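Enquirer: I would like the atomic coordinates for the input below:
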Amino acid sequence: MSTDKRRIGIVPFGEVPEIALKVIAGHISACFHLPSQILPSLENPEYAVDRGRCQYDAGIILETLESMSFKDCEKVVGVLDLDLFIPIFTHTFGEAKIGGQFALVSLFRLAKNPDGSSPPSSLVYERAVKVALHELGHLFELLHCEDKRCLMHFSGSIEELDETPLYLCRYCSIYLQDELLR
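Expert: Below you'll find the model as predicted:
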């Protein structure tokens with residue numbers, strides 16, 4: 001597949017800091033060696049609010065993205081500053097379907113430390129990059145990795161996410177390269 005067809009779109013929902021989008025786009029280009037493009041903003045997904053939980057259902061947002069056309073992008077990463085959940089968890093930092101076209105990254109909980117303090121912006125953006133690259137890995141068929149020193153290792157808490165590196169283990173890296181050559 002040509003590089004032009006492998007473009008990764010980054011689409012903000014509502015108000016998202018432009019620097020967050022640029023940092024994510026830059027890391028996608030550097031780490032996955034794929035061109036990335038920041039797309040025009042979409043409205044906040046009010047259709048996905050679960051009033052009982054006061055959160056946004058990531059699955060509903062992904063279904064809506066699947067009904068949209070992003071013809072210049074093979075994969076699209078949506079970035080929101082809203083609290084996302086999937087039914088089996090109280091919250092999620094991001095969500096993607098294995099082998100799908102769309103992923104989500106939520107900045108909402110990334111901007112809070114476990115002690116309730118606010119981390120520096122640079123740490124919030126580093127966390128967002130880790131989530132975006134992890135979810136993009138799922139889009140390219142990567143599963144969760146047992147190696148804690150791998151970006152594809154599952155992170156259920158901010159502490160675990162902060163310990164996660166910004167790189168793939170040898171196995172996941174080889175698997176990704178095989179997927180990208182298809």
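
Enquirer: what about Ala132, which SS state?
Expert: Taken by DSSP: H, G, I helix; E, B strand; the rest coil, the conformation at Ala132 corresponds to helix.

Enquirer: please read the previous query as pertaining to Ala103.
Expert: When the structure is reduced to helix, strand and coil (three-state DSSP), Ala103 reads as strand.

Enquirer: just confirm it contacts Val79, I think it does.
Expert: No - using CB atoms under 8 Å as the test, Ala103 is too far from Val79 to be in contact (9.7 Å). The C-beta positions use only the backbone N, C-alpha and C, and glycine is treated the same way.

Enquirer: who touches both of the two?
Expert: Here Ala103 and Val79 have Ala132 as joint contacts, going by CB atoms under 8 Å, 6 or more residues apart in numbering.

Enquirer: ends of stretch 28-46, how far apart?
Expert: With CA to CA, to the nearest Å as the measure, the first residue of stretch 28-46 is 28 Å from its last.

Enquirer: might you calculate how far that stretch sits from the centre of the chain?
Expert: Between the mean C-alpha location of stretch 28-46 and the chain-wide mean there is a distance of 9 Å, by CA atoms, centre = their mean, to the nearest Å.

Enquirer: low-confidence bits of the protein, can you list those?
Expert: Applying pLDDT under 70 to the chain picks out residues 1-5.

Enquirer: name the residue most distant from the centre of it?
Expert: Largest separation from the mean C-alpha position in the chain: Gly52, at 25.0 Å (CA atoms, centre = their mean).

Enquirer: check the secondary structure at that one for me.
Expert: The local conformation at Gly52, judged by three-state DSSP, is coil.

Enquirer: now do stretch 126-140: distance to the chain's middle.
Expert: Stretch 126-140 sits 4 Å away from the centroid of its parent chain (CA atoms, centre = their mean).

Enquirer: hmm, I typed the wrong one, I wanted stretch 59-73.
Expert: Shown here is stretch 59-73, whose average C-alpha point lies 14 Å from the average C-alpha point of the whole chain (CA atoms, centre = their mean).

Enquirer: show me the contacts for the residue positioned nearest the centre of the chain.
Expert: Residue closest to the average C-alpha location in the chain (CA atoms, centre = their mean): Ala132, at 2.8 Å. For Ala132, the set of contacting residues under the criterion of CB under 8 Å, 6+ apart consists of Ile10, Ile24, His27, Ile28, Val77, Val79, Gly94, Ala103, Val105.

Enquirer: dump those into TSV; add distance to Ser67 and secondary structure as well.
Expert: Converted to TSV, these look like this (distance: CB to CB, whole Å; DSSP: H, G, I helix; E, B strand; the rest coil):
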residue	distance to Ser67	secondary structure
Ile10	19	strand
Ile24	23	helix
His27	28	helix
Ile28	24	helix
Val77	17	strand
Val79	19	strand
Gly94	20	strand
Ala103	16	strand
Val105	20	strand
